[in-house]
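S.K.: give me a 3D structure for the following:
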Amino acid sequence: MGTWGPGLYANDLAKDLKSTITTVLRLPLEPGELVTLLQDSYPEASSQEDDEEYTSFWLALADQFHKKGVHHSDLFARAIDMIDSGSDLERPERLEMSPVDRKKREKALQELRERLVTPPSEKPRKTLSKPQPLIMNPGDLLLFPTFVHNNCINPYSKKWSHPQEGWSAVYIVRATHVFGYLACYTPVVLSVPLDLEPKPDSSALLAASDWKLRRPGTCSKPHFTRMQLELVDQLPVDEQQLASHFLTMRDGRYQAVNDISISNSLTGAMGNDGMIERLGEIVEEES
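M.R.: Here you go, the predicted structure:
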C-alpha cells in the first residue's frame with residue numbers, strides 16, 4: 001500500500017503519473033490515444049474499481065490534461081462523475097483519514113471540479129517529430145569503467161572524481177522504440193568486474209563469466225558519453241538462444257515512459273531477470 005494524504009498528488013501513483021504524463025504528451029498522438037496508452041501502462045489502477053488507486057489515477061489524469069491544455073471531454077466527465085458521486089471520498093483509504101484531512105480532500109476535489117467544467121485553454125504540445133535516434137544497437141558489446149561496488153559512472157553527475165577500480169561490460173540485446181518513438185535498450189551486463197589492467201578486449205569479455213539480463217533503460221547521448229561507454233565489438237544476437245535462455249523479457253515501456261536511465265542497470269547492486277554463464281550462449285555463431 002502506498003502513502004496517502006488529502007491532496008490530489010499525495011500518494012505514490014499520482015506522483016508517478018504526473019511525471020509519466022509529461023513524457024507521454026511528447027508523443028504525437030491524439031488525446032484519446034494518449035489516455036489509452038496510459039491505461040495500458042497502469043492496467044490495474046485504471047480498470048479495477050476496487051483498486052485503492054483507481055480514483056487517484058483518473059482524477060490526476062484529468063487534472064494534468066486540463067492543466068496542460070489537452071482537451072478530452074469524456075475524461076473530464078468521468079472525473080466529475082467521481083467527484084459528484086462521492087466515490088473517491090467513500091473509498092476505504094479516504095474513510096481512514098482524519099476529519100480534517102477528509103475536509104481538505106473534499107476541498108481539493110471541488111477545486112478540481114470547478115476547473116474541469118470549463119474547457120481548458122488548449123496549448124500547442126511540443127511533440128517528437130520523429131523517433132528518438134538509437135545510439136546503441138542490438139549486438140553492441142560495450143566496455144565501461146567501474147568504481148566502488150562495481151558501479152558505473154553516475155551520468156547525472158557532471159563532475160566525477162572517484163578512482164576507477166576495474167572494467168565491466170554490457171551487451172545490448174534489444175534496441176527498440178517504445179510506442180514507435182521512445183528509444184529504449186535491454187542490456188545483459190557482466191556482473192563481476194574485470195581488473196583495471198590489462199584493458200579487456202572482445203576475447204576477454206567473451207571469456208568472462210556471470211552475465212545477467214537486467215531491466216531496460218533509456219540512454220541519451222550525454223549519458224552515453226559520461227558513462228564512458230566504449231564499443232568493443234558488434235556480435236549478432238542469436239534470437240532463438242536469447243528466447244530459450246530468457247523466457248520472459250520486459251518490454252521497456254515503463255522505463256521509456258518514465259525515462260529511467262540504463263545506468264540503473266549497470267550498477268553492481270542491481271538485481272537480474274535471468275543469468276547466463278558466458279556471453280557466447282546468446283551470440284550468433286559465425287557461419
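S.K.: next one: phi and psi at the residue nearest the centre of the chain?
M.R.: By Cα atoms, centre = their mean, the chain has its centre lying nearest to Gln255, at 1.8 Å. Backbone dihedrals for Gln255, given as degrees, to the nearest 10, come out at phi -70, psi -40.
S.K.: run a quick check on it versus Cys219, I expect a contact.
M.R.: No: Gln255 is beyond contact range of Cys219, at 10.5 Å (criterion: Cβ atoms under 8 Å). To be clear about C-beta, it is placed using only N, CA and C from the backbone, and glycine gets the same treatment.
S.K.: hmm, back to that, number of nearby residues for the residue lying closest to the residue nearest to the centre of the chain once chain neighbours are set aside?
M.R.: Of all residues not flanking Gln255 in the chain, Pro216 sits nearest, at 4.8 Å (Cβ to Cβ, 6 or more residues apart in numbering). For Pro216, the neighbour count with other Cβ atoms under 10 Å is 26.
S.K.: for Pro216, give its distance to Trp58.
M.R.: According to Cβ to Cβ, to the nearest Å, Pro216 stands 28 Å off from Trp58.
S.K.: ok, Asp273 to Ser203 distance?
M.R.: 27 Å.
S.K.: am I right that Asp259 is in a strand?
M.R.: No: assignment of Asp259 by DSSP: H, G, I helix; E, B strand; the rest coil gives coil, placing it outside any strand.
S.K.: got a list of what the closest residue to it other than its chain neighbours touches?
M.R.: Using Cβ to Cβ, 6+ apart and skipping residues adjacent in sequence, the residue nearest Asp259 is Thr218, 5.4 Å away. Thr218 makes contact with Leu182, Ala183, Cys184, Tyr185, Gln255, Ala256, Asp259, Ile260, Ser261, Ile262, according to Cβ atoms under 8 Å, 6 or more residues apart in numbering.
S.K.: mind putting those residues in TSV, pLDDT and distance to Gln132 included?
M.R.: Below are the contacts of Thr218 laid out as TSV (pLDDT from 0 to 100; distance: Cβ to Cβ, whole Å):
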residue	pLDDT	distance to Gln132
Leu182	93	6
Ala183	97	4
Cys184	97	9
Tyr185	98	11
Gln255	90	13
Ala256	90	9
Asp259	87	11
Ile260	91	15
Ser261	95	14
Ile262	96	14
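S.K.: pull out the buried members of these.
M.R.: The neighbour-count criterion (16 or more other Cβ atoms under 10 Å) marks Leu182, Ala183, Cys184, Tyr185, Gln255, Ala256, Ile260, Ser261, Ile262 among these as buried.
S.K.: quick one, helices of the stretch 101-250 of the chain?
M.R.: Counting by DSSP state H, counting those that start in this stretch, the stretch 101-250 of the chain has helices at residues 202-207, 221-226, 239-245.
S.K.: residues in contact with the last one: which ones?
M.R.: By Cβ under 8 Å, 6+ apart, the list of residues contacting helix 239-245 from outside reads Val173, Gly274, Ile276, Glu281, Ile282, Glu284.
S.K.: list the buried residues for that helix?
M.R.: Those would be Gln241, Leu242, His245, for helix 239-245 by 16+ other Cβ under 10 Å.
S.K.: what residue ranges in the stretch 1-150 of the chain score low on pLDDT?
M.R.: Within the stretch 1-150 of the chain, the stretches with pLDDT under 70 are 1-4.
S.K.: about what we covered before: if we take the contacts of Thr218, which one ends up nearest to Met136?
M.R.: Of all the contacts of Thr218, Tyr185 has the smallest distance to Met136: 5.5 Å, by Cβ to Cβ.
S.K.: mind listing what the closest one touches?
M.R.: By Cβ under 8 Å, 6+ apart, the contact set of Tyr185 is Met136, Ile172, Arg174, Ala175, Thr176, Pro216, Gly217, Thr218, Cys219, Gly252, Ile262.
S.K.: again with Thr225
M.R.: The contact partners of Thr225, by Cβ under 8 Å, 6+ apart, come to none.
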